[in-house]
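Asker: Sequence first, then the predicted structure, then my questions.
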Amino acid sequence: MVMANPSLLLQSIFILFLLPCLSSSCPEYQKQALLQFKSSILAIDSSFHTLDSWNSSSSSCCLWDMVTCSSPSNSTSTSSVVIELHLSYLSAPLMPSYLLGPFFFIISLRVLDLSSNSISGQIPALGFGNLSNLVHLDLSSNWFNGSIPLQLFQLKYLRYLEMSSNRLSGELPEAIGNLTKLQQLSLSGNKFSNGIPSSILHLRELEKLYLSYNALSMEIPTSIGNLSNLSFMKLAYNKLIGGVPASMQKLNKLNSLDLEGNMLTGEIPFWLFDFKDLQDLDLGGNSLTWNNNMKVVPKCSLLALSLRSCGLQGDIPEWISTQTNLVVLILSHNKLSGSLPNALFRSSQLSTLSLSHNNFSGELPENIGDAKLLKILKLDRNSFSGPIPQSISRNSNLQILDLSYNRLSGNIFPVFDPRVNLLYADFSSNEFSGEVPTTFPPNIRTLALESNKFSGALPSNLTKLRNLRRLELQDNNISGELPNFLLQISYLQVLNLRNNSLQGSIPKTLSNLQNLQILDLSSNNLTGEIPIDFVNNLTGMIEAPPNRTSQTSEFDVEISSSSKSFIIGIEVTELRVDWKKSKQGLSSHNIDMYFLLDLSNNQLSSEIPASLGALKALKMLNLSFNKLFGKIPASLGDLQNVEGLDLSNNKLSGPIPFAFTKLQQLTTLDVSNNKLTGRIPIGGQMNAMADLNFYANNSGLCGFQIRVPCPGDLPPAPKLQEHDNKEEPWILQEAVGIGYPVGFLLTIGIIFLAGYCNPSPPSNSHRHCCHHPHRLIRQLI
């Protein structure tokens, strides 16, 4: 008896099972529908290659990338149908939503993922309503607008609906309650308004509810605790009012509760700490209050806790020290006081610690470097004093460090390992002294050292910080000249050296900082001229980047633990500048919107270079309080985005250029205290520039803006008429000669008649005429 070769037998069995799969094919109409979708994208962008595997020569669309088909219904069948399309991140151009039309013929679809594709327009109502077998629909991170079509709420098998990060608006319809099999509903990051519909209580299988970052108002449904399967409820950053519903005590499976940034009121219920599975609790940014007299014994082991602006007072609550697994702890904007406990930094998990805007004092703990996983440390706006502990340089994961607005001092800074990924460091508004520190890792992007007591020249070691975007050294006592080596920090977007003791001229090499958007050299002792070719390479100020909108903060830091990850958005300190005649903070979140050049309060003496007119992205130009002379160049009228223009307190002469009428964004113009002459231009925004103070002490100016008529505006003086007819003077004399006696006789006659018709006692009549003759005359007149 011949024994069969086991390996050949296995190969035969494999082939028998594989052949039906290889020969199975999707219906031709489904194949053509997918090819039509690909063709529509290629018509917009011929370089699109993501779907190259989709081609007409292929025997079956079931073999294509991103396509999943069903298995044949039986062993003899070779037909399959398309049941899943995973089409996220196609890297396609902006797609109008009508291009999705071919998909709506594939009614066998159960999973459709179109996330992150820049699809614009309204959600096709009839199309999605035709996909009656859908179980999973993901349209997130696109540009869909309008409301959610009601047809979507007729998809009775739907379990997963993800539509976050779009531009959808309107009310959430009551029809949402029809999706009774829904397990996850994600609508965060849209513009939905009004209340959460009560019909949401019909979704008894719902496990995850994400409605954050909308404009939802009214109260949280009081019976929301009836959704007994709910484990994730995120309603952050809406306009919800009222308290935390008591029915939520029944949510025994609750793992994450995020109510941050609403308008909720009342006392924080302590039963929230009784949920054994609770890991994430975010209640900050409301008007909720913490009962400082109550003792809490949590049954949960929290990974993230936010009690920002919740009225905590005194020391950090003792029960927080029992939460040894904390990854994120945010207790900012409270009234906590005392010193920081060393135990905070013994945590092996802590990645984010924010205690800013409190009343903490004393020195920072020496063991601050023991928190090895710490990525975000915000201790700003307290009253900490003393030096920065050297151990902080051991935090190898540190990315955000904010110690601003304290009373920290010293002239020795920690030396950070070059491999540390520190991105943002803010030491502003303290009492540090000595030379400008440069002991930071080369990857740092923002270094804020303003409002301290730093002195001496700018150190050449700054060039080692080659990735700097923001360098803020204003309000110190830095001296010396502006060095040429600054051009080596080529990524700089913000350079602020305001209010120091710098001297010398402005180096031409500064113009090589091509990314520079904000340059503030005001209130120093700079002399010489504004270099004519100073602006040649300042491309960051010549052309503004396209408008960008984002719901993220300047720094979004991903925080991970063994069981969960968090995205922490950090709003960092505002950039303080002189903006439109006042000190203002420019949001770091929108730093790309601001373009500013401030050379005011120096000793610059030259004509204003006409080349400044090339900086078309500028929103603010301040050259005031210098010794600039000559005419104002007409090219400044090309600053099409400028909102504030200050040329005051110089020695400028000549007229205000008529080209200023082209400045359609202009809201502030100050040319006071110069030697300007001529008419103030009329037209455009110049008609609104009517503040007398902004034209003061220019004796030669005129115009309606300052209520001083120009010479050409005065009407001509009347001329004596010359009479050709020599007889006309004689006629006038004769008329006058006849008029006087006739008038006299008429007056006497009227007086006589008045006395005749109204007789009165002689004495009274005589007294009346003699003492008050003017009364009668007034009546006649």
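Answerer: Happy to help now that I have it. Given the structure is predicted, the values throughout are model-derived calculations rather than measurements.

Asker: can we go C-alpha only for contacts and neighbour counts from here?
Answerer: Will do.

Asker: Partner strands of the helix or strand harbouring residue 425 and their direction?
Answerer: Take DSSP states H and E as the rule and residue 425 turns out to sit in strand 424-426. When pairing is defined by DSSP bridges, strand 424-426 lines up against strand 400-402 (parallel), strand 446-448 (parallel).

Asker: Rebuild the ones you listed as a markdown table, extending it with mean neighbour count.
Answerer: As requested, those are exported to a markdown table (neighbours: other C-alpha atoms under 10 Å):
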| stretch | mean neighbour count |
| --- | --- |
| strand 400-402 | 21 |
| strand 446-448 | 21 |
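
Asker: In TSV, list those strands along with mean pLDDT and distance to residue 378.
Answerer: Output for the strands paired with strand 424-426, formatted as TSV (pLDDT from 0 to 100; distance: least, C-alpha to C-alpha, whole Å):
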stretch	mean pLDDT	distance to residue 378
strand 400-402	96	5
strand 446-448	96	14
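
Asker: helices and strands of this structure: which one bottoms out on pLDDT?
Answerer: helix 773-780 (a mean of 28; mean pLDDT, DSSP states H and E).

Asker: State the distance from residue 657 to residue 599.
Answerer: 21 Å (C-alpha to C-alpha, to the nearest Å).

Asker: of the two, who's got more company?
Answerer: Between residue 657 and residue 599, counting by other C-alpha atoms under 10 Å, residue 599 is the more crowded of the two (24 against 18).

Asker: Check whether that one really touches residue 520, as I assumed.
Answerer: Yes. Look at residue 599 against residue 520 with C-alpha atoms under 8 Å: they come within range, at 6.4 Å.

Asker: Could you list the buried residues of whichever strand or helix holds residue 433?
Answerer: Applying DSSP H and E as the criterion places residue 433 in strand 431-434. If you call a residue buried by 16 or more other C-alpha atoms under 10 Å, then strand 431-434 has these buried ones: 431-433.

Asker: cool, stretch 261-276 as well?
Answerer: 261-264, 268-269, 272-273, 275-276.

Asker: Let's verify residue 168: helix, strand, or coil?
Answerer: What DSSP: H, G, I helix; E, B strand; the rest coil gives for residue 168 is strand.

Asker: Does it touch residue 188 like I think?
Answerer: No. The criterion here is C-alpha under 8 Å, and residue 168 misses it with residue 188 at 9.9 Å.

Asker: State the mean pLDDT of the strand holding residue 433.
Answerer: Strand 431-434 comes out with an average pLDDT of 98.

Asker: Which neighbouring elements make contact with that strand?
Answerer: strand 407-410, strand 453-456 (3 or more C-alpha pairs under 8 Å, 6 or more residues apart in numbering; DSSP states H and E).

Asker: Next, format the ones you listed as CSV and append distance to residue 651 and mean pLDDT.
Answerer: CSV is the format used below for those (distance: least, C-alpha to C-alpha, whole Å; pLDDT from 0 to 100):
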stretch, distance to residue 651, mean pLDDT
strand 407-410, 43, 98
strand 453-456, 33, 98
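
Asker: Looking at those strands, which is nearest to residue 622?
Answerer: With C-alpha to C-alpha as the criterion, residue 622 lies closest to strand 453-456 of the helices and strands packed on strand 431-434, at 25.7 Å.

Asker: so where's the stretch 351-500 of the chain uncertain?
Answerer: Within the stretch 351-500 of the chain, no stretch has pLDDT under 70.

Asker: same deal with the stretch 1-150 of the chain?
Answerer: By pLDDT under 70, the low-scoring segments of the stretch 1-150 of the chain are 1-24, 72-78.

Asker: Apply 50 and report the result again.
Answerer: 1-23, 75 (pLDDT under 50).

Asker: can you give me the strands for it?
Answerer: Secondary structure of the stretch 1-150 of the chain, counting by DSSP state E, counting those that start in this stretch: strands at 67-69, 82-86, 95-96, 111-113, 119-122, 136-138, 143-146.

Asker: gap between the second one and the chain center?
Answerer: In terms of C-alpha atoms, centre = their mean, to the nearest Å, the centre of strand 82-86 is set 38 Å apart from its chain centre.

Asker: before we move on, back to that, ok, residues contacting the strand holding residue 425?
Answerer: The contact list for strand 424-426 (C-alpha atoms under 8 Å, 6 or more residues apart in numbering) reads 399-404, 444-449.

Asker: again, only this time at 6 Å
Answerer: Residues lying outside strand 424-426 but in contact with it, judged by C-alpha atoms under 6 Å, 6 or more residues apart in numbering, are 400-404, 445-448.

Asker: again with stretch 689-704
Answerer: 670-680, 705-706, 708-710.

Asker: any idea where the helices of the stretch 1-150 of the chain begin and end?
Answerer: Along the stretch 1-150 of the chain, the segments classed as helices by DSSP state H, counting those that start in this stretch run 6-23, 28-44, 125-129.

Asker: tally of neighbours for the nearest residue to residue 42 once chain neighbours are set aside?
Answerer: Closest residue to residue 42 apart from its sequence neighbours, by C-alpha to C-alpha, 6 or more residues apart in numbering: residue 48 at 6.2 Å. By other C-alpha under 10 Å, the residues close to residue 48 number 16.

Asker: Tell me how far residue 712 lies from residue 425.
Answerer: From residue 712 across to residue 425, the span is 60 Å (C-alpha to C-alpha).

Asker: out of those two, which sits in the more crowded spot?
Answerer: residue 425 (22 against 8).

Asker: Who is that one paired with across the strands?
Answerer: Beta-bridge partners, per DSSP bridges, of residue 425: residue 401, residue 447.

Asker: before we move on, back to that, and which of the buried residues of strand 431-434 is nearest to residue 392?
Answerer: Using C-alpha to C-alpha, the shortest approach to residue 392 within the buried residues of strand 431-434 belongs to residue 432, at 16.7 Å.

Asker: The closest one - nearest residue in space that isn't next to it in sequence?
Answerer: That would be residue 409: by C-alpha to C-alpha, 6+ apart, it lies 4.4 Å from residue 432.

Asker: quick one, what contacts that neighbour?
Answerer: Counting by C-alpha under 6 Å, 6+ apart, residue 409 has contacts 386-387, 431-432.
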